[in-house]
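coords below, sequence missing:
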């Protein structure tokens, strides 16, 4: 089974059981262990997955990582798990931050069994970054994110390649976040960047406010235009495929060269065409969605 199929199956399970899971331990057993297993690691083999790995920090004794993924006896990934009802946006990564600095692992995962946030130490060696470079939500599966998750699979995991990908993901994610913010609330510098290229007058406060609205509208129109272009392209492809699937008319057989050809009535011709081209209800619905 491909990774995305396993994750979709787990997603269905999570959505059904979310309300009845009331503890961190239940979250780990029902949600986190199957996720780790989907990546190809045997959660029941301590040489691959070690639960409660000791990670004492300074005078703090008895510190334990919920799960450590091992390769050749050394931890490569740490999982810090919380109850599925916990909001990860609140401060819950301090434990993972401490564990990260006292182990050889370069990948740290903070999860509540639904959301998985992947961290590394791109900004300062052996010090976990404040922001994750990748986030995956089991209740909102995106194929593009699943493709990135594959690099953590046991069969293909390479630390060097993962860190290279993490660098790109971290920066592209941040740029997308900033861009999303600018779409809804453009900053003064962002507005000035565009206004200075199309307006030769003095950028007074009133002009800036005016150009703030111009910028928002222009960006949203641009995005809508691009989406419409993609939809038109998809519609053209669907129409071409439907056209190419129509079989040429079948000539009725005749007994000899001198036989008189029968001419079908319009009603008979219509029935004949309908019998050759069958459009399913799903195809019609999909076609209408694209056309909209």
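Arrived safely. Since the model is a prediction, treat every value here as computed from it, not as a measurement.

what element comes up after the helix or strand containing residue 193 heading to the C-terminus?
Counting by DSSP states H and E, the element that carries residue 193 is helix 188-198. The C-terminal neighbour of helix 188-198 among helices and strands, as given by DSSP H and E, is helix 205-244.

Just list the residues touching residue 43, thanks.
33, 36, 37, 49, 67 (C-beta atoms under 8 Å, 6 or more residues apart in numbering). (C-beta placed from N, C-alpha, C; glycine too.)

Can you flag which of the residues you listed belong to strands?
49, 67 (DSSP state E).

buried set for the helix holding residue 193?
Under the neighbour-count criterion of 16 or more other C-beta atoms under 10 Å, helix 188-198 has 190, 191, 192, 194, 195 buried.

just curious, which of these is nearest to residue 101?
residue 190 (36.9 Å; C-beta to C-beta).

just checking, the closest one touches residue 181?
No - in terms of C-beta atoms under 8 Å, residue 190 does not count as a neighbour of residue 181; the distance is 9.3 Å.

From residue 174, how far off is the closest residue to residue 212 other than its chain neighbours?
If the residues on either side of it in the chain are set aside, residue 212 comes closest to residue 191, at 5.1 Å by C-beta to C-beta, 6 or more residues apart in numbering. Between residue 191 and residue 174 the computed distance is 21 Å (C-beta to C-beta, to the nearest Å).

One more: residue 139?
24 Å.

Please enumerate residues in contact with stretch 219-229?
So stretch 219-229 is contacted by 182, 183, 186 (C-beta under 8 Å, 6+ apart).

Which of those are buried? Put it as a PyMOL command.
Selecting only the buried entries of the contacts of stretch 219-229 in PyMOL, with 16+ other C-beta under 10 Å as the criterion:
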select buried, resi 182+186
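
Closest to residue 243 out of the contacts of stretch 219-229?
residue 183 (38.3 Å).

does the closest one sit in a helix, a strand or a coil?
Following DSSP: H, G, I helix; E, B strand; the rest coil, residue 183 is assigned to helix.

what's the distance between the nearest residue to it once chain neighbours are set aside and residue 175?
Excluding its sequence neighbours, the residue lying closest to residue 183 (C-beta to C-beta, 6+ apart) is residue 219, at 5.6 Å. Relative to residue 175, residue 219 is positioned 15 Å away (C-beta to C-beta).

Show the residue spans covered by the helices in the stretch 51-200 of the chain.
Assigned by DSSP state H, counting those that start in this stretch, the stretch 51-200 of the chain shows helices spanning 94-101, 143-149, 159-184, 188-198.

So which elements touch the last one?
Which is helix 188-198. helix 205-244 (3 or more C-beta pairs under 8 Å, 6 or more residues apart in numbering; DSSP states H and E).

Run the chain-centre distance for the helix it packs on.
A distance of 22 Å separates the centroid of the chain from that of helix 205-244, by C-alpha atoms, centre = their mean, to the nearest Å.

buried stuff in that helix?
For helix 205-244, by 16+ other C-beta under 10 Å, it's 211, 212, 214, 215, 216, 219.

Go through these and say which is closest to residue 99.
The closest of the buried residues of helix 205-244, once distances to residue 99 are taken by C-beta to C-beta, is residue 219, at 41.7 Å.

tell me the pLDDT at the closest one?
Looking at residue 219, its pLDDT is 88.

do the one 4 residues further on as well
Reported pLDDT at residue 223 in the predicted model: 87.

quick one on the thing from earlier: who wins for proximity to residue 16 among the helices of the stretch 51-200 of the chain?
helix 143-149 (20.6 Å).

who touches that closest one?
With C-beta under 8 Å, 6+ apart as the criterion, helix 143-149 contacts 3, 4, 7, 39, 134, 135, 136, 165, 169.
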